[in-house]
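Student: The amino acid sequence is not available; the structure is as follows:
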């Protein structure tokens, strides 16, 4: 049996060539050419994963379906809870020194205010107003209004009414004061305030519970009077509002 040939040159697993072992081949023999190990092909790149089936969105939840209604519910709930106290809070937070709370009329149109009763008896415009020289008073197209108020006060002297201020209110809410500067030269009866008038030559007012007071106002031609205000600082924020008869 022929001897098993010695192994020839070969490539190591790392790709390096190993030379033949001395004495492996007889003298003069040509060793076979050294060959490299065939290259190992890299595995193909798998690429991105294939898309799966599209997810199917379920129906929206209760919170998502009603989110706009819930947002609107918050201010509506706040208004419902705070509404009954809003008017009272507005009154308490406003300036207490300003007249803003009207005292309503009672029986026969009388208003109980500042320790007395009062009622607007007459309200009419005054025609052909003249000055003290008996010349027509220039008021620039404005209208002079006369208001007569009846007072019922058992007190001979009422300190509250001595500090009163009277205004005439029109239908738009504007107020006009009694006897403005434009009427200072008008030939009109003098007197203002709300106290009982005195008789000439007497220091004490005439007896009796009821008396009348007259006031004059200057309003724009487009103004329509609606009520008379009687204000007293010590009674603020209340004031007497006498509606037009």
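Tutor: Now that the structure is in, tell me what you want to look at. Note that the coordinates shown come from a computational prediction; the quantities given were computed from them, not determined experimentally.

Student: all helices for this protein, in order.
Tutor: For the chain, helices defined by DSSP state H occupy the ranges 62-65, 67-93.

Student: Any idea which of these has the lowest pLDDT on average?
Tutor: Sorting these by mean pLDDT places helix 67-93 lowest, at a mean of 68.

Student: Excluding residues flanking it in the chain, which one is nearest residue 180?
Tutor: Distances taken as C-beta to C-beta, 6 or more residues apart in numbering put residue 218 closest to residue 180, at 5.3 Å, once the chain neighbours are dropped. C-beta coordinates here come from the backbone N, C-alpha and C atoms, glycine included.

Student: Residue 145 too?
Tutor: Residue 145 sits nearest to residue 217 (C-beta to C-beta, 6+ apart), 4.7 Å away.

Student: quick one: low-confidence ranges for the chain?
Tutor: Low-confidence segments of the chain (pLDDT under 70): 1-58, 82-95, 199-207.

Student: can you rerun that using 90?
Tutor: Applying pLDDT under 90 to the chain flags the ranges 1-97, 104, 155-157, 189-192, 197-209.

Student: so where do the strands sit in it?
Tutor: Taking DSSP state E, the strands of the chain run over residues 10-11, 17-18, 101-103, 111-113, 116-126, 143-152, 165-170, 175-177, 210-219, 225-231, 238-243.

Student: mind putting those in TSV, distance to residue 65 included?
Tutor: Below are those laid out as TSV (distance: least, C-beta to C-beta, whole Å):
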stretch	distance to residue 65
strand 10-11	73
strand 17-18	77
strand 101-103	48
strand 111-113	58
strand 116-126	61
strand 143-152	63
strand 165-170	53
strand 175-177	54
strand 210-219	60
strand 225-231	53
strand 238-243	53
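
Student: Point out the one among these that comes closest to residue 196.
Tutor: Shortest separation from residue 196 across the strands of the chain is recorded for strand 210-219, at 5.2 Å, computed as C-beta to C-beta.

Student: what packs against that closest one?
Tutor: Counting contacts by 3 or more C-beta pairs under 8 Å, 6 or more residues apart in numbering; DSSP states H and E, strand 210-219 packs against strand 143-152, strand 165-170, strand 175-177, strand 225-231.

Student: Name the residues of the first one that come out as buried.
Tutor: Applying a neighbour-count criterion of 16 or more other C-beta atoms under 10 Å, the buried positions in strand 143-152 are 143, 144, 145, 146, 147, 148, 149, 150, 151.

Student: Quick check: bridge partners of the fourth one?
Tutor: Bridge pairing for residue 146 (DSSP bridges) gives the partners residue 124, residue 216.

Student: what sits against it?
Tutor: Residues counted as contacts of residue 146 (C-beta atoms under 8 Å, 6 or more residues apart in numbering) are 122, 123, 124, 125, 126, 214, 215, 216.

Student: what's the burial count for the first one?
Tutor: Right, the one you point to is residue 122. Counted with other C-beta atoms under 10 Å, residues neighbouring residue 122 total 13.

Student: nearest spatial neighbour of it, skipping sequence neighbours?
Tutor: residue 148 (4.0 Å).

Student: Now do the contacts for the one you found.
Tutor: Counting by C-beta under 8 Å, 6+ apart, residue 148 has contacts 120, 121, 122, 123, 212, 213, 214, 215.
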